[in-house]
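> Have a look at this prediction, sequence included:
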Protein chains: 2
Amino acid sequence: MSVDISAIETVNQAFYTAIEDADLDRMTEIWAEDSGDDLVSCVHPGWSLLAGRAEVLRSWALIMANTTYIQFVLTDVNTNVLGDVAVLTCVENILTAGDEGDSSFAAGKVVASNVYIKTAQGWRLWMHHGSPVLQSDDEEEEGDLER
Amino acid sequence: MSVDISAIETVNQAFYTAIEDADLDRMTEIWAEDSGDDLVSCVHPGWSLLAGRAEVLRSWALIMANTTYIQFVLTDVNTNVLGDVAVLTCVENILTAGDEGDSSFAAGKVVASNVYIKTAQGWRLWMHHGSPVLQSDDEEEEGDLER
């Protein structure tokens, strides 16, 4: 694994750990700066697009404030480096719990595309797009679309 | 608008026109080539990730074969050029119809992130990630997350 890919995947893991730990300071460090009219962007599963650091970080603050427990197990992590830009795709296998304790655990699956850019401070998140996987593997196999 | 942004948005429009016209040849031209272990990727709304030209183009062939009528009106098109990579986000306002004629029209809203790379042949699509917008604008306004 190249130095870049290792560094990108380390930041990517830190991104998910920041959500698990509700660590908004760490999340703030991980996102790139807006650059003039070029704004970072974020799509949470099922949401519209959010653009710009202020709006994106506000959404994470709200999510963290409203999440009792969340755990991510990442699978199918794949990183393509294209110059100073990297496209990382992964599957987020998510376990969440509400306020009611063990009885309220729920599991979900999200596919994510995360775009990172190389900056003087290292690789930073430029775009996060997470979307719910609504089609079951069985359905995909029926359609013969699964690898 | 810079020459690059204009060229990228022209290819992006051609991508959606190819879907509307069920033009698989044009779609084949628009997607970049895989590069060794680096594979193009595509997430259709609600689907798992597809990786590699063969798998991605096969999915488009299936979608085209199973779509009677589809029309895209793109809004909120925003393009960020980062070296030889561009991240274009847009909202796909989709109108579809089934085999039953006018009575089967349906409308939907998808948020898309499209990553293009600059090649010797021009800008080509490296990643398409479309996800259903499940949250209504009203709900977002209640959460005070809408711009």
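Happy to help now that I have it.

> Chain A: strands as residue ranges?
For chain A, the strands defined by DSSP state E occupy A:41-43, A:49-51, A:69-82, A:85-97, A:106-119, A:122-132.

> Any chance of those in CSV with distance to chain B and mean neighbour count as columns?
Every C-beta, even on glycine, is put in place using the N, C-alpha and C of the backbone. As requested, the strands of chain A are exported to CSV (distance: least, C-beta to the nearest C-beta, whole Å; neighbours: other C-beta atoms under 10 Å in any protein chain shown):
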stretch, distance to chain B, mean neighbour count
strand A:41-43, 5, 24
strand A:49-51, 5, 22
strand A:69-82, 4, 16
strand A:85-97, 4, 20
strand A:106-119, 5, 19
strand A:122-132, 3, 23
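
> Any chance of CSV for those strands, columns distance to residue B:134?
Below are the strands of chain A laid out as CSV (distance: least, C-beta to C-beta, whole Å):
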stretch, distance to residue B:134
strand A:41-43, 11
strand A:49-51, 13
strand A:69-82, 19
strand A:85-97, 16
strand A:106-119, 13
strand A:122-132, 8
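
> Out of those, flag the one nearest residue A:4.
Nearest of those to residue A:4, taken as C-beta to C-beta: strand A:69-82 at 5.3 Å.

> Run the angle between the closest one and strand A:122-132 for me.
120 degrees (axes from the mean of the first three to the mean of the last three C-alpha atoms, to 10 degrees).

> what's the angle from strand A:69-82 to strand B:85-97?
Going by the same axes, to 10 degrees, strand A:69-82 makes 110 degrees with strand B:85-97.

> could you give the angle of strand A:69-82 to strand A:106-119?
Using the same axes, to 10 degrees: strand A:69-82 against strand A:106-119 is 40 degrees.

> Contacts for strand A:69-82 next, please.
Applying C-beta atoms under 8 Å, 6 or more residues apart in numbering or on different chains, the contact partners of strand A:69-82 are A:2, A:4-5, A:8-9, A:12-13, A:16, A:19-20, A:86-97, B:38-39, B:41, B:49, B:51, B:84-85, B:117, B:126.

> helices or strands up against the top helix by length along chain A?
Taking DSSP state H as the assignment, the helix of chain A that covers the most residues is helix A:3-20. Contact analysis of helix A:3-20 by 3 or more C-beta pairs under 8 Å, 6 or more residues apart in numbering or on different chains; DSSP states H and E lists helix A:24-30, helix A:53-65, strand A:69-82, strand A:85-97, strand A:106-119, strand A:122-132 as its packing neighbours.

> If you count neighbours, what's buried in that helix?
Buried residues in helix A:3-20, counting neighbours by 16 or more other C-beta atoms under 10 Å in any protein chain shown, are found at A:5, A:7-9, A:11-12, A:14-16, A:18-19.
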